[in-house]
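Visitor: For reference, the sequence and a predicted model appear below.
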Amino acid sequence: MLLILELSPFDLYRGSNSSWEEYGKWIWEMNKGRDKLPQATIDMLNNMVKDIADDKEKVKAIYKYLQSRTRYVNIVLGIGGMQPFDAQTVDRNGYGDCKALSNYMVSMLKEVGIESYYTLVRAGSQRRDYRFSPDFVASQFNHVIVCVPLNGDTIYLECTSQINPFGHQGDFTDNRYVLIVREDGGHLRRTPYIPVSENAVNGNAVVKIDSQGNGSANVVMSFGGHFFSQLNMASRQNEEDQKKWLYSKDYLPNSTIERHSIKLNDNMPAIATVELQALLKTYANVSRNRIFIPVNLLSASKSTPPRIRNRVLPFELTFERSYSDTIMYIVPEGFVVETVPQNSFLDSEFGTYKSSTSVEGNIVKYIMYYESKSGHFPAEKYPEYFEFWQSIVRADNQNVTFRKE
């Protein structure tokens, strides 16, 4: 007995989702023959890489060309929601959607002798976008990228971005299932996981406090992994808009930014560096002959997750990430230390936190490190999670006290 679906019209590309292999073959058939490029472009590409010996550097050169030559436009006419524009059309027009631009990139790499694959992915920065049922063969994808299997170093390329560093994925396509489309069918793989050491914010600051509690700060912060993307976008703005963006992120509470810069590297792992010079109005509290200095300037936690006393549903912690700060406070002459916060160390299945404060003369040195963990937890674990965060907030918001001699 034939199912009605087998008798329904189809647009020349009959496929099957009996397996990922068969599903991939269907995508391959729709793309077949759409990789042809004009001879002038082929000659230009080969001339571009003729003096480059390393394949990875060849891929990088062509990726940079793609970024400078094309832009993203979403067009889904006809079966365009599933089938890319052919490479010649993209080469001529200079635009395309994720399918067309990825197909164009694969086509260009093919012409210089580098193997790469059209790759389906469910993209998105929310945790639900990471959910995927490998046993259920269906179109669970919403985006296309390119997989380049170099010797011992597989690279995934985001072809819709004109500003992405070469090989950078971030939280849009990292650590999830993808379907690599080859002539022999589809192959499920996972994109790389960004380790917590790279998915990090690291801060260093020197803060000079005056007798009125005001501060002048020199700050350097680096942002990697998932944090990089926001800085990548902000760095393209003009100076005034950058400053507004920095204020909105509240990196330095109650501050007036006098000078700033945002710098990006062009290597992997991608890192953005922010340098700030700022005035901190009444950062320290002054009471008669004492100064109370909050020790955590850069990343103090101000609130806990909501208190839920009778939680019935499990909860999930998403991305693993880390924050580290080293801050030096210079106190005015004529003050001596009175109280110093105790060192803190918290270690649980939800994360690790440690901080220390030391004083030598009129210089306070504060060091903090926090690392979050990901996972699924039963509802009965929530009170422990809440207490873990209460302890962090208490530790983050301690003061070192100086009194006037």
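Guide: In hand now; what should we look at? Numbers count the residues shown, from 1 in each chain.
Visitor: can you list the residues that contact the helix or strand containing residue 105?
Guide: Using DSSP states H and E, residue 105 maps to helix 98-111. If you take C-beta atoms under 8 Å, 6 or more residues apart in numbering as the criterion, helix 98-111 is touched by 31, 34-37, 41-42, 45-46, 59, 62-63, 65-66, 70, 72, 82-87, 89-91, 96, 115-119, 143-146, 148, 157, 159-160. Using the backbone N, CA and C atoms, a C-beta is placed for each residue, glycine as well.
Visitor: Among those, name the ones in strands.
Guide: When those are checked against strands (DSSP state E), the matches are 72, 96, 117, 118, 119, 143, 144, 145, 146, 148, 157.
Visitor: out of those residues, who has the most neighbours?
Guide: residue 157 (28 neighbours; other C-beta atoms under 10 Å).
Visitor: nearest residue to that residue other than its sequence neighbours?
Guide: Spatial nearest neighbour of residue 157, chain neighbours left out: residue 146 (4.3 Å); criterion: C-beta to C-beta, 6 or more residues apart in numbering.
Visitor: what comes up buried for the helix or strand containing residue 388?
Guide: Using DSSP H and E, residue 388 maps to helix 382-396. For helix 382-396, the neighbour count (16 or more other C-beta atoms under 10 Å) marks 382, 385, 386, 388, 389, 392, 395, 396 as buried.
Visitor: Would you check that the third one makes contact with residue 307?
Guide: Yes: Residue 386 lies in contact with residue 307 (C-beta atoms under 8 Å); the separation is 5.9 Å.
Visitor: Please list all residues in contact with residue 155.
Guide: 56, 59, 147, 148, 166, 167.
Visitor: partners of it in the sheet?
Guide: As for beta bridges, residue 155 partners with residue 148 under DSSP bridges.
Visitor: Then residue 120?
Guide: Beta-bridge partners, per DSSP bridges, of residue 120: residue 144, residue 179.
Visitor: give me the low-pLDDT residue ranges for the chain?
Guide: The chain contains residues with pLDDT under 70 at 1-15, 77-78, 80, 127-130.
Visitor: three-state assignment of the residue nearest the centre of it?
Guide: Centre of the chain computed as the mean C-alpha position; nearest residue by C-alpha atoms, centre = their mean is residue 226, 1.7 Å away. For residue 226, the assignment made with DSSP: H, G, I helix; E, B strand; the rest coil gives helix.
Visitor: what's the spacing between it and residue 175?
Guide: 10 Å (C-beta to C-beta, to the nearest Å).
Visitor: what is in contact with these two at once?
Guide: residue 194.
Visitor: can you give me the helices in this protein?
Guide: For the chain, applying DSSP state H gives helices covering 4-7, 20-31, 39-49, 55-69, 87-93, 98-111, 228-234, 239-249, 382-396.
Visitor: Any chance of those helices in CSV with distance to residue 280 as columns?
Guide: CSV is the format used below for the helices of the chain (distance: least, C-beta to C-beta, whole Å):
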stretch, distance to residue 280
helix 4-7, 66
helix 20-31, 56
helix 39-49, 50
helix 55-69, 39
helix 87-93, 51
helix 98-111, 44
helix 228-234, 22
helix 239-249, 13
helix 382-396, 17
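Visitor: what's the most buried one of these?
Guide: helix 98-111 (a mean of 25; mean count of other C-beta atoms under 10 Å).
Visitor: CA atoms only: put it into PDB for me.
Guide: The C-alpha coordinates for helix 98-111 follow below in PDB (Å, rounded to 0.1, in the frame of the first residue of the first chain):
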ATOM      1  CA  CYS A  98      23.600  31.000   4.500                       C
ATOM      2  CA  LYS A  99      23.100  28.200   2.000                       C
ATOM      3  CA  ALA A 100      24.200  30.200  -1.000                       C
ATOM      4  CA  LEU A 101      27.300  31.700   0.800                       C
ATOM      5  CA  SER A 102      28.300  28.300   2.200                       C
ATOM      6  CA  ASN A 103      27.900  26.600  -1.200                       C
ATOM      7  CA  TYR A 104      30.000  29.400  -2.700                       C
ATOM      8  CA  MET A 105      32.700  28.900  -0.100                       C
ATOM      9  CA  VAL A 106      32.800  25.200  -0.700                       C
ATOM     10  CA  SER A 107      33.000  25.900  -4.500                       C
ATOM     11  CA  MET A 108      35.900  28.200  -4.100                       C
ATOM     12  CA  LEU A 109      37.900  25.900  -1.800                       C
ATOM     13  CA  LYS A 110      37.300  23.100  -4.300                       C
ATOM     14  CA  GLU A 111      39.000  25.100  -7.100                       C
END
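Visitor: That one vs helix 39-49, what angle?
Guide: Per axes from the mean of the first three to the mean of the last three C-alpha atoms, to 10 degrees, the angle that helix 98-111 makes with helix 39-49 is 70 degrees.
Visitor: Compute the inter-axis angle for helix 98-111 and helix 55-69.
Guide: Computed by the same axes, to 10 degrees, the angle separating helix 98-111 from helix 55-69 equals 140 degrees.
Visitor: next one: helix 98-111 to chain centre, how far?
Guide: 24 Å (C-alpha atoms, centre = their mean, to the nearest Å).
Visitor: likewise stretch 71-88?
Guide: Counting by C-alpha atoms, centre = their mean, stretch 71-88 is centred 27 Å from the centre of its parent chain.
Visitor: same deal with stretch 307-316?
Guide: 28 Å.
Visitor: quick one: contacts of it?
Guide: 127, 374, 375, 376, 377, 378, 379, 381, 382, 383, 385, 386.
Visitor: mind checking the end-to-end distance for it?
Guide: With C-alpha to C-alpha, to the nearest Å as the measure, stretch 307-316 spans 16 Å from end to end.
Visitor: for stretch 391-405, same thing?
Guide: 33 Å.
Visitor: Off-centre distance for that stretch?
Guide: Mean C-alpha position of stretch 391-405 versus that of the full chain (C-alpha atoms, centre = their mean) differs by 32 Å.
Visitor: Numbering from 683 from now on, please.
Guide: Sounds good: first residue 683 from here, last item stretch 1073-1087.
Visitor: Can you name the residues in contact with it?
Guide: Contacts of stretch 1073-1087 (C-beta under 8 Å, 6+ apart): 967, 971-978, 981-986, 1011, 1013, 1016-1023, 1026, 1028, 1035, 1037, 1039, 1041, 1046, 1050, 1052.
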